[in-house]
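S.K.: Predicted structure and sequence below. I'll ask about it afterward.
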Amino acid sequence: MAKHPEGRSSGRGMNRRSAEQAGVSKAPWNGIETLEPRVLLSADQGLQPGGLDASSSAIEVEGTLSPVLIIPDNLPGSPGGTVTVPVSIDDATDIAFASINVFFDPAVLEIASTDVSFGDLWLGVDGWSLTPNALPGQVVIILFNAGGQATATGGGVIAELEFTVKADAPNGVTDLDIEPIDPNEGGLNWSGSDGSILVGVGTEVQLSIPEGILAAPGQTVPVPVFINDATGVAFASIDVFFDDSLLEISNGAVEHGSLWPVTDGWSLTPNAMPGQVRVILFNGGGLAPATGTGQIAVLNFTVKPGVATPQDTPLDIEPVDPNEGGLNWSDSDGSIAIRENRLICDVNNDGRVNNLDTTPFMTALTVGGNELLFDILVPGGSFIAADVNEDGFVNFLDIDSFIGCLVDAALATASGGGTVDILAAARPVRSAAVRSSSTPWLADDSSDDALAELLGG
């Protein structure tokens, strides 16, 4: 999932113009002339100081090396905090001088010259000098070995930049564009590999699916996907893994949740495959219109007919990228409790729907989803029969439907028609109100009247 994915910096051109205006590319800078040294090798390939005269046996070798300057991608940072950015070189062999530009978005980051220090490859004790110049949107770094000696081989960190993320920085990815001041400096072929900082609020964002969602073989049950805090989140990519020998789902069975509806600019792109469904949720305006916790998607799984009961099957939910948008994404897995298909409302499991089911139904409500405790308190009862509205949970949202069952059963009995038989083939379609419930296991105050009616009856 992510905060303002479009927040990747795009002000590089402005930063380069700042550099040109500051005259740091080629002109003398800070009292030090920008040098154009050459790598000079003696006849026996030993590195010589740059001041050799024409009578020396040294020869100039141009273009033999192609050093790459590197900044890592997706370094985590938080508004108001600092981020240490390492600048590395892939191969320092025979190199005694480097001049580097790092461009950044000054609306997001800031740095002072004193925030630039040596890395562990080129140290002052080995004769290296470091001269930084921090400007808005740009840092210039000059590294030079005073003895003209290349003191290291191989790759490593040559400098470290400690950026401060501004307190009002937006969440998202901000680029760090690293470039050699002169791509042919020293007769070499210099290049840069850019990096970035992921700016986030520094708090955990958790995806979750409830445990013990009730369903019977052949039944389709809505599985809600929740987020614990949607504040500032405008993007989320989610994987849900399941046992495809027990469950199946199609792209058309994936719906928006109540927290991120289409009307608020949210798009939903599902990709269902055997054993996995991936859901991409994105706000087209780059906005984050919702805050707090809620339901961001609904996955309508179908339990395959004929599977064995009872059994619980896990639903493993994971963020596609645990650091998406600079946040710390985590997950809490859920499960579907597959139970034998029983007569809805027949909570005491005697084959009839009548007032004798009222006390077992109330027990199912009060155990808070604890099916094991229900089995102890109501021996032989059917917990799944108490999920009258078939949303996968036994809670106060089932009260109105249970009362309707009792009324229908009483009318059928009075007319001599026998007990109303509500089997899987005739189960009611779940309403949008049920599917959009953000916390289906909690009581709804609107059910107080129905509860009083049930208890009074």
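M.R.: Structure's in. What do you need? Numbering: from 1, shown residues only.
S.K.: Next one: Glu185 from Leu69, what distance?
M.R.: As judged by C-beta to C-beta, to the nearest Å, Glu185 and Leu69 stand 11 Å apart. All C-beta spots, glycine's among them, are computed from the backbone N, C-alpha and C.
S.K.: Repeat that for Phe118.
M.R.: Taking C-beta to C-beta as the measure, Phe118 and Leu69 are separated by 15 Å.
S.K.: Report the contact partners of Asp357.
M.R.: Counting by C-beta atoms under 8 Å, 6 or more residues apart in numbering, Asp357 makes contact with Cys345, Asp346, Val347, Asn348, Ala385, Phe402, Leu406.
S.K.: Have a look at Phe118 and Leu69 and say which one is more surrounded.
M.R.: Leu69 (23 against 18; other C-beta atoms under 10 Å).
S.K.: okay, how far is it across stretch 154-172, tip to tip?
M.R.: End-to-end distance for stretch 154-172, by C-alpha to C-alpha, to the nearest Å: 34 Å.
S.K.: brain fart, stretch 88-104
M.R.: The stretch stretch 88-104 measures 17 Å between its terminal residues, going by C-alpha to C-alpha.
S.K.: Stretch 109-126 now?
M.R.: Calculated as C-alpha to C-alpha, the first-to-last residue distance of stretch 109-126 is 32 Å.
S.K.: Give me the below-cutoff pLDDT ranges for the stretch 301-450 of the chain.
M.R.: Scanning the stretch 301-450 of the chain with the threshold set as pLDDT under 70 gives 325-326, 412-450.
S.K.: ok, which stretches of it are strands?
M.R.: In the stretch 301-450 of the chain, the strands defined using DSSP state E, counting those that start in this stretch lie at 311-319, 328-332, 334-338.
S.K.: Please apply the same query to the stretch 51-200 of the chain.
M.R.: Secondary structure of the stretch 51-200 of the chain by DSSP E, counting those that start in this stretch: the strands cover 59-60, 68-70, 75-77, 82-89, 97-103, 109-110, 116-118, 128-135, 138-145, 156-165, 172-180, 191-193, 195-199.
S.K.: want to throw those strands into TSV with mean pLDDT and distance to Pro210?
M.R.: Listed next are these as TSV, based on pLDDT from 0 to 100; distance: least, C-beta to C-beta, whole Å:
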stretch	mean pLDDT	distance to Pro210
strand 59-60	38	71
strand 68-70	95	44
strand 75-77	81	30
strand 82-89	92	37
strand 97-103	95	47
strand 109-110	96	41
strand 116-118	95	50
strand 128-135	95	51
strand 138-145	95	49
strand 156-165	94	36
strand 172-180	93	31
strand 191-193	94	44
strand 195-199	87	30
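S.K.: got these as a markdown table, with distance to Leu247 columns?
M.R.: What follows is the strands of the stretch 51-200 of the chain, written out as a markdown table (distance: least, C-beta to C-beta, whole Å):
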| stretch | distance to Leu247 |
| --- | --- |
| strand 59-60 | 69 |
| strand 68-70 | 45 |
| strand 75-77 | 35 |
| strand 82-89 | 43 |
| strand 97-103 | 50 |
| strand 109-110 | 46 |
| strand 116-118 | 55 |
| strand 128-135 | 56 |
| strand 138-145 | 53 |
| strand 156-165 | 43 |
| strand 172-180 | 35 |
| strand 191-193 | 43 |
| strand 195-199 | 34 |
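S.K.: among those, which is nearest Val233?
M.R.: Counting by C-beta to C-beta, Val233 lies closest to strand 172-180 out of the strands of the stretch 51-200 of the chain; the figure is 11.1 Å.
S.K.: and the closest one, what other elements does it pack with?
M.R.: Here strand 172-180 is seen to pack against helix 12-22, strand 68-70, strand 97-103, strand 191-193, strand 195-199 when contacts are counted using 3 or more C-beta pairs under 8 Å, 6 or more residues apart in numbering; DSSP states H and E.
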